[in-house]
Every structure is written in structure tokens, then in C-alpha cells.
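Student: Return a 3D structure for these sequence lines:
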Amino acid sequence: MMQRQISAISGFRASDLTLGETPRKQSRPIQRAIVLMLIATGLLSLHVGRLVQLQLVEGKQNRERAENNRVREVPKPANRGHIVDRQGKLLAANNLARSIYLWPKEQTPEQWKVTADKLSPLLKIPAQEILEKLKQVDPSSYRPVRLRQAMPPEVFVPLAELVGQMRGVEVRPEARRFYPEGSLAAHVLGYIGEATEADLKTHPEYPMGMIVGQMGIEASSNSKIAGVWGYRLIETNAQNQELRLIGETPPKPGETVQLTIDLKMQKAAEEALGNRRGAVVALDVKTGAVLVLASHPTFDPNLFTRKITTEDWQNLQDLENPFLNRAMQGYPPGSTFKIVTSVAGMESGKFSPDSILNTSAYITVGGIDFNEHSGGYGEIGFREALAFSSNTFFYQIGISAGPEAIAKWGHRLGIGKDTDLKLLGLSGGDHGQMPTPEEKEKIYKEPWYAGDTVTMSIGQGLVLVTPLEAAVMVSSIANGGNRVKPHLLTSMTGKLETKPVATGIKPGTIEVIKQGLAAVVTEGTGRGLNDGSIPLTAGKTGTSEVIGQKDHSLYVAYGPAEKPEIAIAVVVENGGFGSMAAAPIAKEVFQAYFGKPKKVDESVVVSP
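Tutor: I've put the predicted structure just below:
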């Protein structure tokens, strides 16, 4: 029995040991499972963290980038409206060209540095300039930046081969501004350029790369000419290739602007002026419409339809201020101003249209001798005094009428601020001046001397008149005493804002001055215009002294003499006598207006 108990106890212990050994053997797989679970949990956490970063932290940016890779809003520039002359002939138009655009978001700043280095030698644009262009864009915008427009074939052909290898670079066809007549009427037309940073701030509606007028009619009528850009919504692949069109807003082209300028007359004026410094203006004497507005030196606005080169800019600097519109700058008017002195004398009541004065070799005022041209003309009236341009006659008229009267009637005839330059839409213009004694004291801090009145009466001294004002002055005589308002847009002709203003000059005063101006051409200093090639015209020569230089040459005129239609003013800097340089230019403009006489072919024999 004792043995059975011992055996039982022994069996129990054996069994107990066996049970104790089994759990230790099973713990190893459990530990491995736990390790695997921890590793899996860690990896899963990494994925979850990455998903949180992509979806929550960077989600908006990534969604925009993904959408941009798929859908793009491509701007479509609007064609600028044409500018035409009074007959509808083109002065500014458009032709097809190619431009290069960059999509800033398509590359990182570091990648763009590499791309800029590749583009620089092809486009001849410094790499740093390309990068600066990219920095001008709002970082949140996906719109492209126009880097260069109107690329010549030698540039865009090799560039087109590389575009597919450079992400975010696109060559696109679009319209380019074109001036078919080159430099003709450049000071009227102006030029265009890409909107500056200041332009974009002033006009937030402008897209990047917007072309705007920078001078002349291109600038003043930009709101009409520019048009409204459109957009194409397209789907692209990763290679920037268009897959399909999703939507489109077509651009609205700009309006055509018609000028009062006459192309034929403008050409005649500029060709006659040639390379000499000066200006020519022609007006419709009834409406004030500007038919000619020429200034030299000038420039070719086609230069500004592309990136201007250093050589181009240097060539412009070699000229004497080519952007200065000399038609709107003041010159001493010389004897052409005797028209104003005539009006002041008769309208002052001190002289009548029939007044006769004695002329001599000189008159002495304040101890100074003021000379005549050629020893005096004896006793003459206004008609002869204008025809032969007697100085001593007008010295006496001016002294009697006084500087205040001369200035008063000069203003009424259009000299000074009475001619509104805003109607022209041209910047950079100035007004003439005719200071009175009070104004001289205020401006120059000097008293008025009797000699100032003498020189003022013949258009010297402190008097300045612009060619535009000179044309207004002679128009006022031609049309019977109404001061016209010069303007360049046909849409303004006949409107209330351009309606001529009555000067109040008596008909008798107008008539005797007209007789004198016609006599200038028939028997006086302007006889060169009386050769039968044009109808009889009327005019007044002028020669103004310039200290240390050759005299300026001037001429004002209107025609026909009987029923005036147009008025002309010409200034040739340092051209000498008015009859020698300025008057022949006016003749060419008259011939363009009236038509040159047909030449007879002497080789044709007519049978009796």
C-alpha cells in the first residue's frame, strides 16, 4: 500500500513536471507574433503619418498641383484694334508672330535656374532676367508669364525643338503690332509695350503680359484699342501636350480708331522736312481736325513691338531727342507773329484797316536802334506791311497797342493755354508764351522795358509759339475769326467739345489781314508758292533769331486764298529765311492736298 502511495505520488510529480515543461515551449511563437505585430503597427503608422501629411497638411497644394497637371486655363491675347487715317488707310495693324511663355508652377526655383541657363543663349536674354520675370508672378497663380514676343524664325525654330524637353516652356502663335508706314506719324501713333508693374497695379484686370500703349494715340485710346483677353480651359498630359478642350472664352478684339490724319499729306510733309529738325502741322480751318502733325527727328514704333536691342537704343540716342514732339514745343515765331500784332493794333481802336504809317531804316527806342529789313518802305498800310514784312511798321503798331493788348489777342487766336492739348490725346506737349509786364516781373524777376514791346511786336524776345498754335492762329484768320480746337480723332469732329470759338475780331480787321497774306504770295516774300502748281494760297514768312546759331525758318499759310480749307504751319530749326526752307515744305503739303498738276509727256506729238 505504501508502495502504491509512493507510486501515486511519484506519478503525480512526473505528470506535474510534464505540465510545467509544455508552457515554456509554447511561449516562443507568441513572442515572435508580438514582435511581428509591433513591426506591422510601426509600418502602418508610417503610412498613416504619410497619408496625414499628404491629405491634411499638404492636401490643398497637392490637389491644386494634380488639377493643374490635368486642366489649365490658357490666356488668349486679344488683337489690338487698328489705327487708320481719315480715308481708312492702315497706320497700325497686326500680323502673326510667335511668343514664348513660361508656366512658373511647373518647375521648382532650382529647376528654373537650369532652364533659364538653357533659354538664355537662344533668346539672348540674361538668365537672371528670366528668373526675375518669374518672380513677378503671384506664387499662388498658375497663369503663364510671357517671356518674349515676336520671335524671329532663327530663334523660335531651334527653340521649338527643345520645348518638349523643358517642362513649363511653351511657344505660342499670337498677333504682333505692326506699323506698315514705319516711322511715319510716329509722334501721333506712339508705341506699345508690355504692361509694367505699375500698370498692373493700376489695372488689376490686366493679365500678365498685357500689351498697352506707352505713348501717343496707342496710349490715350488704349481702352478702345486693347480689347479684352479670352481664355481656353484645356486638359494636358505630363508632357504639356494638349489632350482636349474643356471650355473657351473667346477674346474680344479692340476697336478700330480712325484719325483725322491724312496719310498722303503726312508723307509729303515728312519727306519735305527730310532729316532737318523741325515740325509741320496742317489743320482743317473749319473743324480743327489735324491733317498733318509731323516732327523730326523721329523713331520707328516697330522697334518697340519686340525687345529693343542695345544697338537699337544706341541708335535712338544718337539722334537729337527723337521722342520730342516739336510740333508742340515753343519757338520764337518771328514775322509770322505780325498777324497777331495786326489784330491787336486794329482791335485796340488806335488803328483802322486803312491806317497808313511811315516806315524807315530804323526807329530808336530807349536809346537803342531797331532796324528795318532794307531801308524802309515809305508810307504803307497793313496790306503792304504784311506783304513785305516791314519791321518798323509793326514796331509802331506794337508800341501804340501795348504788350497787354498783343498778349490778349494772341491768346484769343490760340497761342498759350487757350489751345487745349488734352483734346489731342498726346503727352509731352507744351504751350507758347506771351508774358505781359506783370508776368515778366513774376516769372523772370525783371522789369518790363520799352524794348520788350518792340521785340514782342515782331515775334522775338520773350514770345514763343508752337507750330500747332501757329496753325490755329492762321486758321482763325482763314475761317473769318473763329479759333478752332485741334483734335486727332474723327469721332470728335463736329462735337460740342471741338466746336470753334468766336474770337470777336471785326470783319474789317480779318479782311485786310487776308489781303496782306495773299499779297505775301502774289508779290511778297512767299512768291515761290505762286507758280501755278496749286491754287492761289495766302501766307506769312518768318525768320527768328537764335543766339549763337543760324536763324529758324518759319511759314504759316492757308489755302485756297478765296475759300480757305486748310491751314499749315512749318518750322525748320536753323533753316534760315522762311521763304527758303519753310515755305517750300508748305508748298509740298498743299500739292498733296490739292493734287500735283499732271506732267505733259513731251514725247507725244499731237497732230494739228
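
Student: so what's the closest residue in space to residue 516 that isn't next to it in sequence up against?
Tutor: Spatial nearest neighbour of residue 516, chain neighbours left out: residue 386 (3.0 Å); criterion: Cβ to Cβ, 6 or more residues apart in numbering. The way it works is simple: take the backbone N, C-alpha and C, and place the C-beta from them, glycine included. By Cβ atoms under 8 Å, 6 or more residues apart in numbering, the contact list for residue 386 reads 338-339, 342, 513, 516-517, 519-520, 524, 540.

Student: if you look at the residues you listed, which of them are in helices?
Tutor: Residues of those located in helices (DSSP state H): 338-339, 342, 513, 516-517, 519-520.

Student: Please report how far the nearest residue to residue 522 once chain neighbours are set aside lies from residue 539.
Tutor: Leaving aside its sequence neighbours, residue 522 sits nearest to residue 530 (Cβ to Cβ, 6+ apart; 5.8 Å). Applying Cβ to Cβ, to the nearest Å, the value for residue 530 to residue 539 is 10 Å.

Student: now swap in residue 149 and tell me
Tutor: Using Cβ to Cβ, residue 149 is found at 47 Å from residue 539.

Student: okay, these two: which has more neighbours?
Tutor: Set side by side, residue 149 and residue 539 show more neighbours around residue 539, with 33 against 22, by other Cβ atoms under 10 Å.

Student: heading toward the C-terminus, what's the first helix or strand past the helix or strand where residue 101 lies?
Tutor: Element membership for residue 101, per DSSP states H and E: strand 90-102. Reading on from strand 90-102 to the C-terminus, the next helix or strand found by DSSP H and E is helix 109-123.

Student: Quick one: list the elements packing against that following helix.
Tutor: Here helix 109-123 touches helix 127-135, strand 145-148, helix 153-163, going by 3 or more Cβ pairs under 8 Å, 6 or more residues apart in numbering; DSSP states H and E.

Student: Mind listing residues that contact that helix?
Tutor: 100, 104, 107, 125-128, 130-131, 134, 147-148, 151, 155, 158-159, 162, 166-169.

Student: Residue 107: what's it in contact with?
Tutor: Taking Cβ under 8 Å, 6+ apart, we find residue 107 in contact with 115, 167-168.

Student: Just the buried ones from these?
Tutor: Among these, those classed as buried by 16 or more other Cβ atoms under 10 Å are 115, 168.

Student: can you put the contacts of residue 107 in TSV and add distance to residue 43?
Tutor: Putting the contacts of residue 107 into TSV (distance: Cβ to Cβ, whole Å) gives the following:
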residue	distance to residue 43
115	38
167	34
168	36
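
Student: Do you know the pLDDT at residue 598?
Tutor: pLDDT for residue 598: 53.

Student: hmm, back to that, figure out which of the helices and strands packed on helix 109-123 is closest to residue 401.
Tutor: Of all the helices and strands packed on helix 109-123, it is strand 145-148 that lies closest to residue 401, at 61.6 Å by Cβ to Cβ.

Student: Can you list the strands that that closest one pairs with?
Tutor: Strand pairing for strand 145-148, using DSSP bridges, gives strand 90-102 (antiparallel).

Student: Show me which positions of the partner strand end up buried.
Tutor: By neighbour count on 16+ other Cβ under 10 Å, the buried set for strand 90-102 is 91-94, 97-102.

Student: next one: stretch 548-564
Tutor: For stretch 548-564, by 16+ other Cβ under 10 Å, it's 551-561, 564.

Student: again with stretch 297-304
Tutor: Within stretch 297-304, the residues that count as buried by 16+ other Cβ under 10 Å are 297-304.

Student: and for that stretch, what are the contacting residues?
Tutor: With Cβ under 8 Å, 6+ apart, stretch 297-304 has contacts from 92, 177-179, 182-183, 186-187, 189-193, 214, 218, 270, 275, 277, 312, 316, 319-323.

Student: Looking at the helices and strands packed on helix 109-123, which one is packed in the most?
Tutor: strand 145-148 (a mean of 21; mean count of other Cβ atoms under 10 Å).

Student: Considering the contacts of residue 386, which possesses the most neighbours?
Tutor: Top of those by neighbour count (other Cβ under 10 Å): residue 540, with 33 neighbours.

Student: List the contacts of residue 227.
Tutor: Shown in contact with residue 227 (Cβ under 8 Å, 6+ apart): 78-81, 251-255.

Student: Can you give the contact residues for stretch 341-354?
Tutor: 355, 381-382, 385-386, 394, 397-398, 400-402, 405-406, 408-410, 413, 457-458, 504-506, 508-509, 511-513, 516.

Student: List only buried entries from these.
Tutor: Among the contacts of stretch 341-354, those classed as buried by 16+ other Cβ under 10 Å are 355, 381-382, 385-386, 394, 397-398, 400-402, 405-406, 408-410, 413, 457-458, 505, 509, 512-513, 516.

Student: Please tell me I have it right and residue 553 contacts residue 572.
Tutor: Yes - between residue 553 and residue 572 there is a contact under Cβ atoms under 8 Å: 4.3 Å.

Student: Give me the common contacts of these two.
Tutor: Here residue 553 and residue 572 have 581-582 as joint contacts, going by Cβ under 8 Å, 6+ apart.

Student: Per-residue pLDDT of residue 64, please?
Tutor: pLDDT for residue 64: 53.

Student: Which residue ranges of the stretch 201-350 of the chain form strands?
Tutor: Using DSSP state E, counting those that start in this stretch, the strands assigned to the stretch 201-350 of the chain run over residues 211-213, 230-236, 242-249, 257-258, 278-284, 290-296.

Student: Out of these, which is closest to residue 463?
Tutor: strand 278-284 (17.4 Å).

Student: Show me the contacts of stretch 297-304 that map onto helices.
Tutor: Per DSSP H, these map to helices at 186-187, 189, 218, 270, 312, 316.

Student: Just among those, which is most surrounded?
Tutor: Top of the ones in helices among the contacts of stretch 297-304 by neighbour number is residue 218, holding 28 neighbours under the definition other Cβ under 10 Å.

Student: That one against residue 189, yeah?
Tutor: Yes - look at residue 218 against residue 189 with Cβ under 8 Å: they come within range, at 6.1 Å.

Student: tell me, what's touching these two both at once?
Tutor: Listed as contacting both residue 218 and residue 189 by Cβ under 8 Å, 6+ apart are 83, 92, 301.

Student: Can you name the residues that contact the residue lying closest to the last one once chain neighbours are set aside?
Tutor: Spelled out, that is residue 301. Distance criterion Cβ to Cβ, 6+ apart; nearest residue to residue 301, sequence neighbours excluded, is residue 191 at 4.0 Å. Contacts for residue 191 (Cβ under 8 Å, 6+ apart) come out as 213-216, 218, 299, 301, 303-305.

Student: and if you look at residue 485?
Tutor: 288, 419-420, 423, 497-501.

Student: what secondary structure does residue 426 sit in?
Tutor: Here residue 426 is coil, with the state taken from DSSP: H, G, I helix; E, B strand; the rest coil.

Student: if you skip the residues just before and after it, what's nearest to it?
Tutor: Using Cβ to Cβ, 6+ apart, the closest residue to residue 426 is residue 216 (6.0 Å).

Student: any idea how far the one you found is from residue 416?
Tutor: The separation that residue 216 has from residue 416, given Cβ to Cβ, amounts to 23 Å.

Student: Residue 100 now?
Tutor: From residue 100 to residue 416 the distance is 50 Å (Cβ to Cβ).

Student: what does residue 528 give?
Tutor: Using Cβ to Cβ, we find residue 528 at a distance of 31 Å from residue 416.

Student: Settle it for me: which of those two has more neighbours?
Tutor: Neighbour totals were compared for residue 528 and residue 416, and residue 416 leads with 19 against 14 (other Cβ under 10 Å).
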